[in-house]
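Visitor: Whatever this is, show me its structure:
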Amino acid sequence: MSKAKRAPRRRLPLVVTWLVAVLILGVWGLWAGPGWNPQPMTNLIIPTTSSTHITSAVPTPYLETYEVQESVHEVEGPNGQTIKVTLREPVGADGQRPGVVFLHGTGTSTHQAFTQQAHWLASAGIVTAVPDKLLDEYTTLSRNYEELAEGYHIVGDWLREQASVYQRDVGYYGESEGALVAPISVVRDQRTAFLILVSDPVMPIRDQGALAADAYLRELDAPGQIYNAIPRLISGALADGNFLYANFDPSPYHRQITVPVLMAYGTNDLSMPIVQGPIMMAEDLSEAGNSDLILRYYDGADHGLRIDGELQPAAYQDISDFINGLPSSVQMSNEVAGAQPRQDYVAQTVATPRWFGSGDAMITLLAAGVLLTVVGATMTIVGRTPILGHQQTYRGVGRPIVASSIVVILAWVAFLAYIVALANLALSYETNRWVVQGGWLFVQILALGAVYLLVRAMRIWRTKPMFTREAGANLRVLFTGQILLLFALAYWGVYPSLFSV
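Guide: Numbering: from 1, shown residues only. The predicted model follows:
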C-alpha cells in the first residue's frame, strides 16, 4: 500500500504578509515610545477691558518724550570677566530716574541687543542697561541659569551707582528665556523694585517646548501620527544628560518674589502658555503674599510682542507707564487687560522614553542600520560580479532586497526632509497642504514600499536557500540593517496602527 502524497502547505498571499508586517511595525511604533494626549485647557483668563492702558496717580511720559544718550561701559563679572553694557539715558529728564536691566532670550547675547526696546523706554524717562550675556556656561547642550542671573545681578548693582538712576527704583526686564532667569536675579537682589516678564515660559522648557510643538503642528494641520514625535524627541534628547536646563523650574524663585510684576504676551504667541503660565505665576506669587501682578495681552502680536516682525510701541508705552507710575500703577490699573487670550491645550510634562528612545541610542541604531544596509547592499552587488573570483548566485533574492534597501534609505531621507520642512513652515507662521499632507503621504508610500520589497525578498529567500554561506551572509547583513531602519521609522509613527493612544 503506497503512502499518500503530503499536500503542499498553502502560503499566505504576498499582500497579506506585507499587511501583517506593516501592522506589526505600526503597533510596535505605538508601544515603543511615550504617547501624546494633551488635555484641553479649561481654565480661562478674561480681560476686564480691551484697553491695555496703565493707570497711575502721577503723569507719565510718552515714548520719544526725551532724546536718548547712549554709551558703552565695561563691568567686571562674577569670575573676573568683562561685561560690556550699553547704557541709555533720557536727556533732560528731571532728577534721578528708574532703571531697568535687560535679560536676553535665546536669540541675543550682546550689549547691542534690545536696541528698539531700550531706546523706547529711555525716551520715556527710564535709564536702561543692556549687558552682554555670560556665555562661559551657555551652550546648546548645557546652560547654567544661576550663573547667568549672577551676571545680571552685578549689572543691576552697577546701574544703581549711575548718577542718573534712583537706587530704589531699579528692576529687571526678562524676555522669553530671559524671563526664566530674571526671577533668580530678583530673588538674589533684595533691592529690586519691579519685574517685567515678556513672553514668559513660566514653566520648564521641556513642558513649554512640547506645548509649542503641539500648537505649531495643529496650526499646520499636521497628520495625527506626527504628534507622538513630540514627547519622543524632547524626552529622548533629555535622556542622555544633555539639555538638562530644559528641566529648570523657576517656580521656587517665583514663590519668593515680593515686588510688582508685569507680564506681557501677544495673543498670537503659539510658543508660550499664555493662559496657563500667568495662572501658575499668580499661584506662585501668592505663596509670597504678593498680589501685585499686572497682565497684558496684545492683539495679533506674536513672540516678543511683534506683529509681522515689528515691535509694537503700545506695549512699551504700557511698560514704561508701569515703571514710571509705581507704586500706584500696580494698584490703580486693571489686573488683566487687552485682547482675549486663547490656549487650547494644557502644557504637560513629557514621559521618559525606553532605553532605545534616548537620543544617543536612536542615533546609534540609525547609524548602525544605515551602515549595515549600505555595506550589505555593496557586498550583495559586488558578490554578483566575478571580480573577486567568487561570483555569488542569489537566486532571485538579490534585486528585490537591494531595491528595498535603496527605498528604505530614501524613506529616511524623505522623513528627515519632511521634519525640516514642517519646522520651517511653523517658524515662519506659514502653511502649505502640499508639503504638510502631501509630504507625509510621500514618506509613507516610500516606507510601505520598502516593507513590501523586503517581504517579497524574504519569501523568495525562504523557498530558495542560498548555495553558499557567503551569499547568505551578505543577505543577512543587508536584512539586519533594513530591519533596524524600518523599526526606527516605525518609532516615529510612519506606519499605521490598529490602535491609538
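
Visitor: for the record, mean pLDDT for the helix or strand hosting Val22?
Guide: Following DSSP states H and E, one finds Val22 within helix 14-32. Mean per-residue pLDDT for helix 14-32: 91.

Visitor: what's next to it, contact-wise?
Guide: Residues from elsewhere that reach helix 14-32, judged by Cβ atoms under 8 Å, 6 or more residues apart in numbering: 12, 228, 354, 356-357, 448, 451-452, 455-456, 459, 486-487, 489-501. For the C-beta atoms, the positions are set from N, CA and C on the backbone; glycine is no exception.

Visitor: That helix: which residues count as buried?
Guide: 17-19, 21-22, 25-27, 29-30, 32 (16 or more other Cβ atoms under 10 Å).

Visitor: ditto for stretch 27-47
Guide: For stretch 27-47, burial by neighbour count (16+ other Cβ under 10 Å) applies to 27, 29-30, 32-34, 36, 38, 41, 45, 47.

Visitor: can I get those residues in TSV with distance to Phe194?
Guide: Listed next are the buried residues of stretch 27-47 as TSV, based on distance: Cβ to Cβ, whole Å:
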residue	distance to Phe194
Val27	55
Gly29	50
Leu30	49
Ala32	49
Gly33	44
Pro34	40
Trp36	38
Pro38	34
Met41	29
Ile45	21
Pro47	21
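
Visitor: closest to His53 among the residues you listed?
Guide: Pro47 (12.1 Å; Cβ to Cβ).

Visitor: so what pLDDT did the closest one get?
Guide: At Pro47, pLDDT is 97.

Visitor: Just give me the neighbour total for Glu161.
Guide: When counting by other Cβ atoms under 10 Å, one arrives at 8 neighbours for Glu161.

Visitor: re earlier: now the two most distant members of the buried residues of helix 14-32.
Guide: Thr17 and Ala32 (22.2 Å).

Visitor: hey, where'd the helices end up in the stretch 1-150 of the chain?
Guide: 14-32, 115-123, 145-160 (DSSP state H, counting those that start in this stretch).

Visitor: got the buried residues for the shortest one?
Guide: Using 16+ other Cβ under 10 Å as the test for burial, helix 115-123 gives 117-123.

Visitor: Repeat that for stretch 372-387.
Guide: Across stretch 372-387, burial judged by 16+ other Cβ under 10 Å covers 372-373, 376-377, 379-380, 383-384.

Visitor: Also stretch 444-453?
Guide: Residues of stretch 444-453 classed as buried: 444, 446-453 (neighbour count, 16+ other Cβ under 10 Å).

Visitor: quick one, what contacts His102?
Guide: For the record, residue 102 is Phe, not His. So Phe102 contacts 113-114, 117-118, 128-131, 173, 175, 178 (Cβ under 8 Å, 6+ apart).

Visitor: what sits opposite it in the beta ladder?
Guide: Tyr173 (DSSP bridges).

Visitor: what's the distance between it and Thr48?
Guide: To Thr48, Phe102 is 29 Å away according to Cβ to Cβ, to the nearest Å.

Visitor: One more: Ala222?
Guide: Here Ala222 is placed at a distance of 36 Å from Thr48 (Cβ to Cβ).

Visitor: and these two? which has more neighbours close in?
Guide: Ala222 (22 against 10).

Visitor: Grab the nearest non-local neighbour of that one.
Guide: Leaving out its chain neighbours, the residue that sits closest to Ala222 by Cβ to Cβ, 6 or more residues apart in numbering is Val436, at 5.8 Å.

Visitor: mind checking pLDDT for the closest residue to Arg342 other than its chain neighbours?
Guide: In space, and not counting its chain neighbours, Arg342 is closest to Thr267: 6.9 Å by Cβ to Cβ, 6+ apart. Per-residue pLDDT puts Thr267 at 97.

Visitor: before we move on, which element is the residue most central in space within the chain in?
Guide: By Cα atoms, centre = their mean, the mean C-alpha position of the chain lies nearest to Gly209, the distance being 3.9 Å. Assigned by DSSP H and E, Gly209 falls within helix 205-220.

Visitor: what's the spacing between that helix and its chain's center?
Guide: For helix 205-220, the separation from the chain centroid amounts to 7 Å (computed by Cα atoms, centre = their mean, to the nearest Å).

Visitor: again with stretch 150-166
Guide: That offset, for stretch 150-166, works out to 33 Å (Cα atoms, centre = their mean).

Visitor: Just the element for Glu430, please.
Guide: Secondary structure assignment for Glu430, by DSSP H and E: no helix or strand.

Visitor: now swap in Val413 and tell me
Guide: helix 398-427.

Visitor: Flag the shaky bits of the stretch 351-500 of the chain, pLDDT-wise.
Guide: Within the stretch 351-500 of the chain, the stretches with pLDDT under 70 are 383, 386-392, 394, 467, 498-500.

Visitor: so how far is the helix holding Val22 off the chain centroid?
Guide: 31 Å.

Visitor: okay if I get the helices of the stretch 1-150 of the chain as CSV plus distance to Ile274?
Guide: Listed next are the helices of the stretch 1-150 of the chain as CSV, based on distance: least, Cβ to Cβ, whole Å:
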stretch, distance to Ile274
helix 14-32, 32
helix 115-123, 20
helix 145-160, 22
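
Visitor: got the contact list for the closest residue to Gly178 other than its chain neighbours?
Guide: Nearest residue to Gly178, sequence neighbours excluded (Cβ to Cβ, 6+ apart): Leu103, at 3.3 Å. Residues near Leu103 by Cβ under 8 Å, 6+ apart: 148, 152, 172-175, 178-179, 181-182, 185.

Visitor: One more: Ile184?
Guide: 145-146, 148-149, 250, 253.

Visitor: in the stretch 301-450 of the chain, which spans are strands?
Guide: Assigned by DSSP state E, counting those that start in this stretch, the stretch 301-450 of the chain shows strands spanning 306-307, 310-311, 336-338.

Visitor: Let me have these in CSV, extended by distance to Leu425, mean neighbour count and mean pLDDT.
Guide: Output for those, formatted as CSV (distance: least, Cβ to Cβ, whole Å; neighbours: other Cβ atoms under 10 Å; pLDDT from 0 to 100):
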stretch, distance to Leu425, mean neighbour count, mean pLDDT
strand 306-307, 18, 16, 95
strand 310-311, 21, 13, 96
strand 336-338, 28, 21, 98
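
Visitor: any chance of these in JSON lines, plus distance to Lys464?
Guide: Converted to JSON lines, those look like this (distance: least, Cβ to Cβ, whole Å):
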{"stretch": "strand 306-307", "distance to Lys464": "65"}
{"stretch": "strand 310-311", "distance to Lys464": "68"}
{"stretch": "strand 336-338", "distance to Lys464": "73"}
